[in-house]
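Asker: I would like the atomic coordinates for the input below:
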Amino acid sequence: MPRWRLVVSGRVQTAGYRAQVKNHALGLGVKGLVRNLDDGTVEIYCESTPKLLEEFKRSINVKGERSNYIMPSVKNITVYKEGSMGFGKAPKTFKPFDIDYQIKNIRPAECQMLERSEMGIIALGVVSSSIMAMRTDLKDGFKETKDGLSRVGKGVERVEGAVNSMHKDMNQRFDSLDEKYGAIGQRMGTIEDKTTALLTEIQKSTAALVEMTQKVGTLIDKKLAE
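Answerer: Next comes the predicted model:
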């Protein structure tokens, strides 16, 4: 079975990356180990067919969000085949995939504890990404609400304009009736007074709605600015 050395660069140390590599390797049946190097890269020795190696590489080539420093993000994966100059000193035997913490006399229980801590970092990174996405959605939602209220405000202004126009038109019609029909015009004047009062109330209501819309828009602006 061909053996390979992979050197992974990027944001791959102290970010739970080794635990992810181990999980993918075990899932694919790849044998070997993963460990951190002093230069900030991660070294992987594995045993697999070329086809399986490509699948393994795709699975560990994770791309975390640039703004989320908790999640790992791979920049490059360099592959060296056994026998090549960069292959280095590989383990004598390739066992089921594991993490090499490079700590002398480390006990299995301590390895498990370290691995759980790495998995905890991964979980924290996922939660952090979810919170960031939620915050973005909320901002977008507030912006859409503000835009909607702005459209409502414009609609209210159009209604107010229509009411004013109707009021003016009715006044003209009542004046015309008053000139033509005398007594009937007087009764029409009473109706006009009541209609005017009703239209005044409508204008007050529309003005109050416009004012409320402006206040809500101001509150949303403050929320978006946070």
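Asker: Could you list the domains of this protein?
Answerer: When the chain is parsed with automatic domain parsing, its domains come out as 3-102, 134-225.
Asker: Worst mean pLDDT among those?
Answerer: Looking at those, the lowest mean pLDDT belongs to domain 134-225 (a mean of 61).
Asker: Cys46 contacts Met1, correct?
Answerer: No. With contact defined as CB atoms under 8 Å, Cys46 does not count as touching Met1 (9.9 Å). Just so you know, the C-beta spots here come from the backbone N, C-alpha and C atoms, and that holds for glycine as well.
Asker: Secondary structure of Val21: a helix, I assume?
Answerer: Yes. The assignment for Val21 by DSSP: H, G, I helix; E, B strand; the rest coil puts it in a helix.
Asker: Count the neighbours of it for me.
Answerer: Using other CB atoms under 10 Å, Val21 is surrounded by 28 other residues.
Asker: If the spatially closest residue to it that is not a sequence neighbour is in a bridge, with which residues?
Answerer: Closest residue in space to Val21, ignoring its immediate chain neighbours: Val34 at 4.6 Å, by CB to CB, 6 or more residues apart in numbering. For Val34, the beta-bridge partners are Ile44, Ile99 (DSSP bridges).
Asker: out of Cys46 and Met1, which sits in the busier spot?
Answerer: More neighbours surround Cys46 than the other of Cys46 and Met1, with 26 against 10 (other CB under 10 Å).
Asker: how close does Leu28 sit to Lys75?
Answerer: Using CB to CB, to the nearest Å, we find Leu28 at a distance of 22 Å from Lys75.
Asker: Same drill for those two, tell me which one is more crowded.
Answerer: Per other CB under 10 Å, whichever of Leu28 and Lys75 has more neighbours is Leu28, with 15 against 12.
Asker: Now the nearest residue to that one once chain neighbours are set aside: phi and psi?
Answerer: In space, and not counting its chain neighbours, Leu28 is closest to Phe56: 5.6 Å by CB to CB, 6+ apart. Dihedral angles of Phe56 (phi, psi; degrees, to the nearest 10) stand at phi -60, psi -40.
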